[in-house]
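mind looking at a prediction? Sequence and model below.
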Amino acid sequence: MKRFAWLAMIILIMLSCYHPEEGANDTVELPDQIVDNFQMEESASGKERYFVAGKRAFYYNRSNRIVVLAPEIEFYDPQKEVTAHVVCDSGVVSNQSGDLVAYANVVVTTEDGTELRTDSLVWFNNRAKIETDAFVHITSPDGTIEGKGLISDANLDRIEIKEEVTGKTKFSVDEESQ
């Protein structure tokens, strides 16, 4: 299984480097820099929102992105307290926007013990939201919910599951408040 995971990560990195240019032969963008024990704190937004650490990172200057192997991400509240922790097999950081993409075996764990599992998600830095169109499984102290697609804040306080919602929870929705 580990051999398959490494092969999948190598293929993912190779595919993420493929950028054909109009009127030119197909080209592969090689990394401009490779960094072991990668660490980065996002502060371009003026607020420190997250910290990323990974085993290895590949910088691609032309496409303004960093591909990170085995990233671990910590999201912060305004007081810089950790509110959520994310692990996955690989990820991509946009150097321009601070957006993040997490791929394969994505697990988000919040401070209250809520856990989100999915195969991919995107963090939109300017909106401070995570989104996915993939299947999601959420376990919390209030119950378990599954569905397809999700929009939420990083600490999973306000979750919207897009479709095919199933599960059991103690939480109830007051129809008049909507």
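Received, thanks. Residues are numbered from 1 along each chain as shown.

from here on, contacts and neighbour counts on C-alpha atoms
OK.

mind checking the SS state of Val68?
strand (DSSP: H, G, I helix; E, B strand; the rest coil).

stretch 48-66: end-to-end distance?
18 Å (C-alpha to C-alpha, to the nearest Å).

one more: stretch 152-165?
Per C-alpha to C-alpha, the first residue of stretch 152-165 is 15 Å away from its last.

that stretch: how far from the chain's middle?
14 Å (C-alpha atoms, centre = their mean, to the nearest Å).

for it, buried residues please.
If you call a residue buried by 16 or more other C-alpha atoms under 10 Å, then stretch 152-165 has these buried ones: Ser152, Asp153, Ala154, Asn155, Leu156, Ile161.

show me what it is in contact with.
Residues outside stretch 152-165 that contact it (C-alpha atoms under 8 Å, 6 or more residues apart in numbering): 75, 83-84, 110-111, 114, 128-131, 145-151.

which members of these are classed as buried?
75, 83-84, 110, 114, 129-131, 145-151.

and the residues you listed, which is closest to Thr27?
Proximity of the buried ones among the contacts of stretch 152-165 to Thr27 (C-alpha to C-alpha) peaks at Glu131, which lies at 30.5 Å.

how near is the residue nearest to the closest one when sequence neighbours are not counted to Thr110?
Nearest non-adjacent residue to Glu131, counting by C-alpha to C-alpha, 6 or more residues apart in numbering: Ile151, 4.5 Å away. Plainly put, Ile151 is 16 Å away from Thr110 if you go by C-alpha to C-alpha.

sheet partners, orientation included, of whatever helix or strand Ile34 lives in?
Here Ile34 sits within strand 33-41, counting by DSSP states H and E. In the sheet, strand 33-41 lines up against strand 50-60 (antiparallel) (DSSP bridges).

mean confidence for the partner strand?
Averaged over strand 50-60, pLDDT sits at 94.

likewise stretch 113-132?
92.

same check on stretch 91-106?
Stretch 91-106 shows a mean pLDDT of 92.

same check, this time on stretch 143-158
Mean per-residue pLDDT for stretch 143-158: 89.

many thanks, we can stop here.
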